[in-house]
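Asks: Sequence and predicted structure are below.
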Amino acid sequence: MSKVKTAILVVLGLIWLAPVYLLVVNASKSVDGYDAKTVWKPAGFSLFANFGDAWSKAALGDTLVATTMYSVIAPVLAVLIGSAAGYAIVVLRLKRGFLWFVFIFGGTIFPLQMILMPLFSGYANSGLYDTRTGMIIVYTAISVPFSAFVMRNFFTGIARSVFEAAVVDGGGLFRIFRSIYLPMAGSALAAIFILQATFVWNDLLLGLTLSQSDSVRPIMPALTGLQSTYGGASLPTVLAGGLLVSLPTVILFLAAQRFFSRGLALGQF
């Protein structure tokens, strides 16, 4: 029976790895050596040349700084705001706390596509359109509900006596939050940060809608320029660009995998 399970897992793993194989193999082919009839067969190794071609044609260097900024600042702000919300609702027992939680988390009920037009109009009228500040605000706002959800669940699992003992020792509410509850939730905070940073890095829809200039636009909308009518890029270059911009999130996950796995278990989501 164990051999059957192992065989099934191996087959499922190979199926999951098949798209990755196709991506790497075809991104490594030269522009002249690519043939749609031989996508499964390796042919040459021009991966780094295709990396450079994609980098220059999509102007990825101009968007890399902005995307890195969004992927760090917005998740950090969302983690702090969500943690504060969970702390107030669970630990401080905020009046009508569950209704506040429903209000915060209710923002995830509506599909993002439903609010794009009002969001675009509001940004255009307020001067936030095509600004880095505007992009950080929208990414933070979208990330807060999930952060609040996870941290509320996490703080629920901490004994009430921890807070009571800290109060008896003379700790203020903010100091208790900063010095006790945030350090205890380190793994959960790391897991939330990784998930939200990955979401921001891979975002396409908001970047296309709320930004225009190369210095503000995230990296994924810039990458789509390779596939446009005027991009002039061959498929190996497009695939190489996709592989290149995916590497930071893969490296982030592998580097913080221990915190991520532990945070998933502790956060109970």
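Replies: Sure, I can see it.
Asks: SS state for residue 110?
Replies: coil (DSSP: H, G, I helix; E, B strand; the rest coil).
Asks: Just give the number of residues close to the closest residue to residue 35 other than its chain neighbours.
Replies: Closest residue to residue 35 apart from its sequence neighbours, by Cβ to Cβ, 6 or more residues apart in numbering: residue 43 at 7.9 Å. For the C-beta atoms, the positions are set from N, CA and C on the backbone; glycine is no exception. As a burial measure, residue 43 scores 15 neighbours (other Cβ atoms under 10 Å).
Asks: again, but for the one 10 residues further on
Replies: Residues lying near residue 53 (other Cβ under 10 Å) number 20.
Asks: got any ranges where the protein has weak pLDDT?
Replies: 1, 228-233, 259-269 (pLDDT under 70).
Asks: If we use 80, what do you get?
Replies: 1-3, 31-37, 43-44, 58-59, 62, 97, 106-110, 225-234, 255-269 (pLDDT under 80).
Asks: now the strands for it?
Replies: In the chain, no strands are found when defined by DSSP state E.
Asks: quick one: the most far-flung residue of it relative to its centre and residue 200, what's the gap?
Replies: Computed with Cα atoms, centre = their mean, the maximum C-alpha offset from the centroid of the chain is found at residue 168, amounting to 39.8 Å. Residue 168 sits at a distance of 41 Å from residue 200 (criterion: Cβ to Cβ, to the nearest Å).
Asks: do the same with residue 207
Replies: 9 Å.
Asks: anything in contact with each of these two?
Replies: Any residue near both residue 207 and residue 200 by Cβ atoms under 8 Å, 6 or more residues apart in numbering counts here, and that gives residue 218.
Asks: just the helices in this structure please.
Replies: For the chain, the helices defined by DSSP state H cover 2-27, 47-57, 60-86, 97-105, 116-126, 132-156, 160-168, 173-176, 182-184, 186-202, 205-210, 219-224, 235-255, 257-267.
Asks: right, and those - which one's nearest residue 38?
Replies: Residue 38 lies closest to helix 2-27 among the helices of the chain, at 9.4 Å (Cβ to Cβ).
Asks: Which one of residue 207 and residue 200 is surrounded by more residues?
Replies: Counted by other Cβ under 10 Å, residue 207 and residue 200 do not tie: residue 200 has more neighbours, with 30 against 26.
Asks: Report the contact partners of that one.
Replies: Contacts of residue 200 (Cβ under 8 Å, 6+ apart): 67, 70-71, 74-75, 139, 143, 218.
Asks: quick one: it and residue 84, what's the gap?
Replies: From residue 200 to residue 84 the distance is 20 Å (Cβ to Cβ).
Asks: ditto for residue 248
Replies: For residue 248 relative to residue 84 (Cβ to Cβ), the value is 28 Å.
Asks: now do residue 95
Replies: 16 Å.
Asks: Give me the more crowded residue out of these two.
Replies: Between residue 95 and residue 84, counting by other Cβ under 10 Å, residue 84 is the more crowded of the two (19 against 7).
Asks: close enough to count as contact, the more buried one and residue 177?
Replies: Yes - shown here, residue 84 and residue 177 form a contact pair, counting by Cβ atoms under 8 Å, at 7.1 Å.
Asks: give the contact list for the closest residue to residue 26 other than its chain neighbours.
Replies: Of all residues not flanking residue 26 in the chain, residue 239 sits nearest, at 5.3 Å (Cβ to Cβ, 6+ apart). With contact set as Cβ under 8 Å, 6+ apart, residue 239 has these partners: 23, 26-27, 50.
Asks: Right, I'll call it a day here.
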